[in-house]
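Q: Fold the following, please.
(chains A and B)
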Amino acid sequence: MSTTSTPSAGVGREDLERLAAHWEERPSLRAWLSTVDHKKIGRRYLVTAGFFFVLAGLSALVMRTQLGRPESGLVAPQEYNQLFSMHGTAMVFLFATPMLFGFGNFLVPLMIGSRDMAFPRLNAFGYWVFLFAGLFMWASLPFGAAPNNGWFGYVPLSDEQNNPGLHMDVYALGLLFLGISTTSGAINFIVTALKLRAPGMSLNRVPLFVWAIVATAFMVVFALPALNADNAMLFLDRRFGTHFFDPSHGGNVLLWQHLFWIFGHPDVYIIVMPALGIVSAVLPAFTRRGVVGYVLVVLAIVSISIISFGVWVHHMFATGLPQLSFSFFSAASTIITIPSGVQIFAWLATMLLGRLVLRVPLLFVIGFIVTFVLGGFTGAMFAVTAFDQQTTDTYFVVAHFHYVLIGGAVFPMLAGVYYWLPKITGRMYHEGLARWAFWLFFTGMHVTFFPMHLYGLFGMPRRVYTYPNIAGWAGWNLVSTIGSYLLALGVLLTIVGVVHTLRRGRPAPPDPWGGDTLEWSTASPPEPYNFPVLPRVHSLHPTWDARTAESTGPGASADRVLSGGRRTLLTSELDARQERAVAMPESTLKPLALAGALLLGFTALLLAWYPVAVVAALAVAATLAVWLWPPRLPEQEEVGP
Amino acid sequence: MSAPPGPHARLAGGLLLWYGVLGGAVAWSVHALAAWSLSELACASGSERVAAVPLWEAVGLAVVIPGLAAVGSLLVAVLAWRRTTRARPAGGDSALGRSRMLAAVGIWSNLLFLTIIALGGVAVLVLPPCQR
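A: Reported below is the predicted structural model:
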């Protein structure tokens, strides 16, 4: 239910009633399970990814407590291995990417002036698969069967001989299962952004957040197959005796690392890129001007997404490959800092030239810039092969990637949470609580991770469950542990703030910040059909542009109201020329059924119940057949150019 | 209402524009993969030759040819930028605006990719191919 409403002057009461009748879902368990509404799915992604973040954070707290003093016996080495493996795996695969997909799901259709994603049922399916895959992996922890070889699962430490039990089967199957969700989500983003943009939103008028999501989606489509192939081969090696990674039978151990990092380094940008898009979305509202150098920022997004595919060998500088081959990747690793720097300078210039309104989302953006730049500096240090070989597998690396990932992803995500909370919930957050959350999070982050640079340089290796009482290690480890509790307190206050917003927040107006993108022209929270009249876009800042506002006013043409069913507008890929209206699907339980059948199949494979796996495969095939059976569609409405 | 772009703006759309935008990226991808795999495979087999060609020359070709392709892409992007600027109509034609933006992205990205290829080329001059 919306707390505010912005009925457009260009649409009559009758149209509004018809739109509501077609798009609204009555509250019931069936409706809850069968919804295909991108906003509800986006919210679910955010909540579920947040839940996995808390679980991964709690794992980290146990680890930091264990490392707070030397020779501590809080957890056994086997437990510690599972904790750090699940922490990394969950943070990368079950929190960072899905959280950003959550933002994308909620926002992309709203930002481009559409009524839903291009494939709403696929969208719902992606969410259910993500939820089930996450539970599939986390459920292994209480049984002591969680992955125990790091988030990167290096072979030969993960092969059957060196790592018996279900641990790495959970890892391989869990990530293969999750990959279905990520791939389907990425394809959906690409098609949505290319085909469902509001008329007039040509490529040079696409919001930077949408550019970032689309670039990320392309990266996922190209990078994820390498990880899927890796995990499929690992599972076949472990369970069925193939020898992809076994040198004694003609396999190659390094093949794992090559394939993993062909995925893994782009994945860093898969995580960071949409977050940078959030920064570009938040800044205009709090600087009262558009981001400086729109074209340069787009260039940076596109360049980073391409160059990130050519840096994977910098994770393998210590593997004994020829120096000449290192140099090609060293060059790319160094050059990628240029587009990253371009974005940073564009944001700094925006803040310099704009009129700053120092609200919490902007505080998190500033926190992001400080932290991410520090992480970027140490990243550039790793591009130097000699330095990399000296510090690889020490806590210096742990410090670096936490600066990059927390700085580059979590700070912007929190900026995004506070920025869009009024739009998502229809209520304003508590500014005081949010400021406390920011300062605790910021302080905790730096107190935890900065000392890791030091004891990394002092030689402390990563992935150790304890350490001897060595000067320079013990004291700084204690500081890190204290910092981690501050950080956790910041996260806790954020959760308290969100709950407070939902229960006690004052009603939010449609546009509390003066944002420049189309989601702010809708009600807070948006109506189920998003826009009573699909807008016609005339500039890069549509809500600051009178002509775009007029396009939904009294002069709105009927072909952009589309109240005769669940429909939205199809436009051309490059210039967003109006093509025709397309029917959107109704709510359905098929996505849930298909995801459930897949869960059964993956569980059966894990537990070696192969007959059950065959039954599950048949169930998947049957569900797909029912899903794809051509429905009787109403005649499609032609819309003039 | 915008004026038609005219013959000078033919570069505003079509394959040539996409060459100007993405040519450098493709050239660099080819360079990285070709130069790296030539070096890896030859050195792993204990040889410093690829077929009959010495490894140094073979890797050099994997630098020069993509480098020339990136230069060509840069020139096309510059040409597209100049032509779309000249043909810029009074009202904001979204197609022309889009092409101008893509041309600008092409110029900057081609410079970036050309730099990476050049740095790869420097490495070929400095390092013996199979040194570990």
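
Q: Around chain A, pick out the residues from chain B.
A: B:25, B:28-29, B:31-32, B:35-36, B:39-40, B:43, B:59, B:92, B:94-95, B:97-98, B:100-102, B:104-105, B:108-109, B:112, B:115-116, B:119-120, B:123-124, B:127-132 (Cβ under 8 Å from any Cβ of the partner chain). No exception for glycine: its C-beta is placed from N, CA and C like everyone else's.

Q: Can you name the residues of the stretch 301-450 of chain A that neighbour chain B?
A: Checking the stretch 301-450 of chain A against chain B by Cβ under 8 Å from any Cβ, the hits are A:302-303, A:306-307, A:309-310, A:313, A:320-325, A:327-332, A:334-335, A:338-339.

Q: May I see the ChimeraX selection of the buried members of the residues of chain B next to chain A?
A: Provided next is the ChimeraX selection string for whichever of the residues of chain B next to chain A are buried by 16 or more other Cβ atoms under 10 Å in any protein chain shown:
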select /B:25,28,29,31,32,35,36,39,40,43,59,94,95,97,98,100,101,102,104,105,108,109,112,115,116,119,120,123,124,127,129,130
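
Q: quick one: contacts for whichever residue of chain B sits closest to chain A?
A: Residue nearest to chain A within chain B (Cβ to the nearest Cβ): B:Ala123, separated by 3.3 Å. Going by Cβ atoms under 8 Å, 6 or more residues apart in numbering or on different chains, B:Ala123 touches A:324, A:327-328, A:330-331.

Q: Nearest to chain B: which residue in the stretch 201-350 of chain A?
A: A:Ser327 (3.3 Å).

Q: Please name the spatially closest residue to that residue (chain neighbours excluded).
A: Leaving aside its chain neighbours, A:Ser327 sits nearest to B:Ala123 (3.3 Å; criterion: Cβ to Cβ, 6 or more residues apart in numbering or on different chains).

Q: what do you get for A:Phe222?
A: Using Cβ to Cβ, 6+ apart, the closest residue to A:Phe222 is A:Phe309 (6.9 Å).

Q: I'd assumed A:Ala226 was in contact with the one you found.
A: No. Counting by Cβ atoms under 8 Å, A:Ala226 is not a contact partner of A:Phe309; they are 9.9 Å apart.

Q: between the two, who's got more neighbours?
A: A:Phe309 (22 against 19; other Cβ atoms under 10 Å in any protein chain shown).

Q: Just checking, which helix or strand of chain B averages the lowest pLDDT?
A: Sorted by mean pLDDT, DSSP states H and E, the helices and strands of chain B end with strand B:49-50, the least confident at a mean of 80.

Q: Report the distance from the helix or strand following that one to the chain centre.
A: Per DSSP states H and E, the first helix or strand lying C-terminal to strand B:49-50 is strand B:53-54. Distance, stretch centre to chain centre, for strand B:53-54: 25 Å (Cα atoms, centre = their mean, to the nearest Å).

Q: After strand B:53-54, which helix or strand is next? Please name it.
A: Following strand B:53-54 toward the C-terminus (DSSP H and E): helix B:55-86.

Q: per the record, what domains does chain A have?
A: A:39-520, A:592-628 (the TED database).

Q: would TSV of the ones you listed with mean pLDDT be doable?
A: Converted to TSV, the domains of chain A look like this (pLDDT from 0 to 100):
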stretch	mean pLDDT
domain A:39-520	94
domain A:592-628	96
